[in-house]
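# Give the three-dimensional model of this entry:
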Amino acid sequence: MKKKNRLRKFFNDVHLWLGIASGLILFIVCLTGTIYTFRTEIEHLANQSQFYVKTDSRSVILPVDTIITRLEKQLTGKVTSMQIPADSMMTYQLSVRPGLGQTDHDSAKATESRPKNYFVNPYTGNLVPQESGLSDFFANVMKMHRWLLLDNATGRLIVGSATIIFVFLILSGLIIWLPARLKNWKKGLAIKFSSNWKRINHDLHNAFGFYACVLLLVMALTGLCWSFEWYRDGLGKLLGAKVFRGRGEKPMQSMLPADTTAIIPLSNHIVKANILFPYRGDLRVNLPAETRSSVSITKNKTGFFAFAGPDKVQFDQFTGKMLKRERFADKRFNEKIADLIKPLHTGEIYGAFSKIIYFLVSLMATTLPVTGTLIWINKLKKKRKRKTITGLRTISVSDKKPSEAEIA
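Sure, this is the predicted structure:
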């Protein structure tokens with residue numbers, strides 16, 4: 001056997017056995033990822049009364065400070081953050097940490113309980129009833145996608161290991177796919193629907209694997225950041241920028257004046273943020289968790305082709321002075337990549353446009369374990385058939401008569 005053929009056989013065997021070992025897990029991960037792609041759009045469509053409000057020509061949006069004051073009084077809690085959509089017909093989402101008074105900024109008490117999300121009509125300040133059915137469904141889909149509904153540590157290890165195997169499957173599949181001669185490359189991209197189902201299945205596996213390989217590699221390499229801390233830290237060192245740095249990033253400190261009650265209205269900070277970033281976009285406002293913490297506002301563009309790179313600004317809550325501004329466009333390339341790990345994995349990198357592409361690619365990926373398994377089963381049947389035919393031919397062409405001992 002030629003060296004080239006031996007190498008090809010090696011990669012073919014690696015691809016086969018790794019695929020069999022991880023096929024079921026990868027099928028589940030890819031299927032749940034496909035379902036989860038349009039979670040937001042599905043929830044908005046199904047639960048319109050929760051996400052959209054009805055108004056008339058006389059309706060006016062209330063100041064955010066008024067909304068916060070009313071909600072904190074009603075729920076006896078502390079608003080920690082709020083999301084203000086660019087669409088004026090949508091509800092606001094506020095996170096409220098229960099059991100804290102409005103003026104309680106003590107950091108130790110602030111970590112006693114986790115905030116709960118509420119939807120508020122921005123025109124009336126009233127709470128909007130929430131539908132939990134779809135939210136619970138997608139929460140379970142996410143748990144299945146990341147942990148297979150197992151405990152966090154075990155599920156993360158299994159999914160992460162299967163994802164590493166998936167990377168090798170993609171690379172070995174590419175090597176197997178590469179045609180022996182350049183002139184035959186079109187055959188590897190075509191699906192011959194006029195053939196029998198075995199040929200169609202084989203073509204689907206090859207073609208889908210090739211068309212989806214680049215984005216699947218991106219999904220797999222970014223997805224490992226949620227599975228393994230060592231991988232996330234290693235990728236951060238490779239990029240020279242921390243991955244998920246926003247999770248542990250502490251807000252800048254405000255200058256504490258003599259009169260700590262003289263706090264600038266939050267609406268002033270929002271107006272300034274929109275002036276600094278003059279485009280249509282959704283806002284996420286993080287309120288000070290401690291006495292001296294700053295107000296942090298993040299803005300994301302909206303639209304069919306909206307780029308996911310966020311802009312961020314921090315204001316002194318007492319003076320209104322801008323403490324820090326982070327324009328995504330001004331960041332270095334390595335920092336941009338580190339900050340875009342999540343949208344690169346979920347498909348939100350270019351809004352709805354990229355989500356449609358990711359949905360189709362994830363759907364293709366879901367078929368690969370199935371078509372690959374069928375190819376393997378068909379090969380096993382073919383080998384057994386060849387052995388049977390070879391055995392029959394051997395018997396039929398043999399002129400030697402069996403001895404009495406052999407018959408006995």
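# which residues sit in contact with I170?
I170 sits next to G209, C213, L216, L217, A220 when contact means C-beta atoms under 8 Å, 6 or more residues apart in numbering. To be clear about C-beta, it is placed using only N, CA and C from the backbone, and glycine gets the same treatment.
# Am I right that the last one is in contact with F168?
No: taking contacts as C-beta atoms under 8 Å, A220 lies outside contact range of F168: 9.8 Å.
# what about those two, which has more around it?
The residue with more neighbours, out of A220 and F168, is A220; 22 against 16, by other C-beta atoms under 10 Å.
# From S227, how far off is the residue nearest the centre of the chain?
The structure's the chain has its C-alpha centroid closest to T346; by C-alpha atoms, centre = their mean the separation is 3.0 Å. Look at T346 and S227: by C-beta to C-beta, to the nearest Å, they are 15 Å apart.
# Likewise for P278?
39 Å.
# ok, now E72?
Distance from E72 to S227, counting by C-beta to C-beta: 38 Å.
# cool, and E131?
Plainly put, E131 is 31 Å away from S227 if you go by C-beta to C-beta.
# in this structure, which spans are strands?
Counting by DSSP state E, the segments of the chain that form strands are 77-84, 92-98, 116-120, 281-286, 295-301, 311-315, 322-326.
# out of E131 and S227, which sits in the busier spot?
Neighbours of E131 and S227, each counted by other C-beta under 10 Å, are more numerous for S227; the result is 21 against 16.
# contacting residues around the more buried one?
Shown in contact with S227 (C-beta under 8 Å, 6+ apart): R146, R156, L157, V159, G160, T163.
# So, low pLDDT: which residues of the stretch 301-408 of the chain?
Using pLDDT under 70 as the threshold, the predicted model of the stretch 301-408 of the chain has low-confidence ranges 387-408.
# again, but for the chain
Those would be 1-4, 100-112, 179-183, 258-261, 387-408, if you go by pLDDT under 70 across the chain.
# if you set the cut-off to 80 instead, what comes out?
1-5, 99-113, 178-189, 246-249, 256-262, 382-408 (pLDDT under 80).
# quick check: longest helix of it.
Ranked by number of residues, the top helix in the chain under DSSP state H is helix 351-397.
# what's the angle between that one and strand 295-301?
Between helix 351-397 and strand 295-301, the angle comes out at 60 degrees (axes from the mean of the first three to the mean of the last three C-alpha atoms, to 10 degrees).
# Check the offset of helix 351-397 from the chain's centre.
Average the C-alpha atoms of helix 351-397, do the same for its chain, and the two points are 29 Å apart (C-alpha atoms, centre = their mean, to the nearest Å).
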